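S.K.: Need a 3D model of the sequence below.
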Amino acid sequence: MPIFEYKGLTRDGKNTKGVVDSENLRAARLKLKKDGIFVVSIEDKKKIAGQKKSGGKNRTGSVPVQDLSLMTRQLATLIKANVPLVEALTAVSEQVENPILSEALADCKNMVNEGLSLHKAMAKYPNVFSTIFLSMAEAGEMSGTLDVILLRLAEFTESQAELRQRVKSAMTYPIIMLVVITLVIFGLFTKVLPEILAVFESFDGLTLPWYTQAISATSQIFIQYWYLFAGAIVTTVLLFLNWKSSTEGRKSWDAISLKLPLFGDIVRMVAIARFTRTLATLLNGGVPMLNALDIVRNVVDNNSIALAIDDAKSNISEGESIAGPLKKSGHFPPLVVHMVNIGEKTGDLENMLTLVADAYDFQVKSKIDTITTVLNPLMTLLIGVVIFVIIISVIVPMFDLTSKLGG
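M.R.: Residues are numbered from 1 along each chain as shown. Below you'll find the predicted structure:
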């Protein structure tokens, strides 16, 4: 059934837009009219897609986590209320505001209506639905517990988004402060200090202290060769990003990132939290262990820890324990290994992994709070020291100049 994209006005005069499926354009207009929408413009989605290929605006892309999580909860609620899947997808596709997600759901609804399974329909949109989402949906369809699985997916998505935001906040603050400090120092050395030092140098017989002379020389270097400094910084960043994007560079950086001062512990804890929560979610959803480990190794986003997961997968395929390779890698703390070992022995691995994930989410938050608490005074102290040195370099010659003028 064709899908039409429309823009219109509601009965109270508010702008609205979305997608609607119908046999033809006229039927689509009638359907929207019955819903109380005055159509301003309406086009066949296939026509729009053709315009995209010829240079029109590209509507493909990822969907914000919040939109995906909300949609997942809504779909789970409708399915739990025994609403048929096609009708549930229709309702949700018309409800969501994100146009990319709305189009994907409307298209998935048509494919499901034609006999395709939900996870296979969603697989047509890899930028919208992740591998985890597809695996969980497949397991839910096979077990007849799609509503329960979707609710778990929503909770999982929200927890991962919150964890990602915490880490981003922790990494962003020091970067912003370093940029601010750099700009302040650059401004002082290129604008403020040259004017003050020029006044001192205009007086004959005034001998500047060695540290003031050093500041003056540094200021001149900044003024004359600022483009070299800027070029060196940009070149260094580009070389680092290029090296990091290479296969060997990524492996080396992943190993180095686990040993970084302050942030190394956060990188490790985040990887462990992702590993445990994702694996717990997949196992709870009925995904087989080997398939779940294939997905999880890509979620941890660290090659060193991914190799340990590969070893664990090999062990399990040979009928052995998962805890052994985790302990051998040295990347997983004893608590994690111990909890996984207990979970395997008691047959309660999913709950044990969830407990570990909750504990590490809390540890990440505590570690980030600690780092923020430490970095705040350190950054302030650094700025204070720089400004103090500059002030002393200016004030001492000023006193000398005042005493000579007074004499």
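
S.K.: Which residues does stretch 378-386 contact?
M.R.: 174, 177, 181, 184-185, 188 (C-beta atoms under 8 Å, 6 or more residues apart in numbering). Where C-beta positions appear, they are placed from N, C-alpha and C, glycine not excepted.

S.K.: Same check on stretch 70-85?
M.R.: For stretch 70-85, the surrounding residues in contact (C-beta under 8 Å, 6+ apart) are 87-89, 91-92, 95-96, 101, 105, 112, 118, 146-148, 150-151, 153-154, 157.

S.K.: from those, which would you call buried?
M.R.: Among these, those classed as buried by 16 or more other C-beta atoms under 10 Å are 88-89, 91-92, 96, 101, 105, 112, 118, 146-148, 150-151, 153-154, 157.

S.K.: sorry, back to before: make a markdown table from the contacts of stretch 378-386 and add distance to Pro325 and secondary structure to it.
M.R.: Shown next, in a markdown table, are these (distance: C-beta to C-beta, whole Å; DSSP: H, G, I helix; E, B strand; the rest coil):
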| residue | distance to Pro325 | secondary structure |
| --- | --- | --- |
| Pro174 | 34 | helix |
| Met177 | 40 | helix |
| Ile181 | 44 | helix |
| Val184 | 49 | helix |
| Ile185 | 49 | helix |
| Leu188 | 54 | helix |
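
S.K.: from the residues you listed, which is closest to Asp301?
M.R.: Proximity of the contacts of stretch 378-386 to Asp301 (C-beta to C-beta) peaks at Pro174, which lies at 20.3 Å.

S.K.: domain parsing for this structure?
M.R.: Domain assignment of the chain by automatic domain parsing yields the ranges 3-53, 65-158, 163-407.

S.K.: Dump those to TSV, plus mean pLDDT.
M.R.: Formatted as TSV, the domains of the chain follow (pLDDT from 0 to 100):
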stretch	mean pLDDT
domain 3-53	74
domain 65-158	87
domain 163-407	82
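
S.K.: Quick check: the two most widely separated of the contacts of stretch 378-386?
M.R.: Pro174 and Leu188 (21.0 Å).

S.K.: can you pull the contacts of the nearest residue to Thr218 once chain neighbours are set aside?
M.R.: Leaving aside its chain neighbours, Thr218 sits nearest to Phe189 (6.3 Å; criterion: C-beta to C-beta, 6 or more residues apart in numbering). Phe189 is in contact with 215, 218-219, 222-223, counting by C-beta under 8 Å, 6+ apart.

S.K.: Show me what the host helix or strand of Val336 packs onto, helices and strands only.
M.R.: Per DSSP states H and E, Val336 falls inside helix 334-346. Secondary-structure packing of helix 334-346 (3 or more C-beta pairs under 8 Å, 6 or more residues apart in numbering; DSSP states H and E): helix 323-329, helix 349-406.

S.K.: roughly how far is the last one from the heart of the chain?
M.R.: Centroid separation for helix 349-406 versus its chain: 25 Å, with C-alpha atoms, centre = their mean, to the nearest Å.
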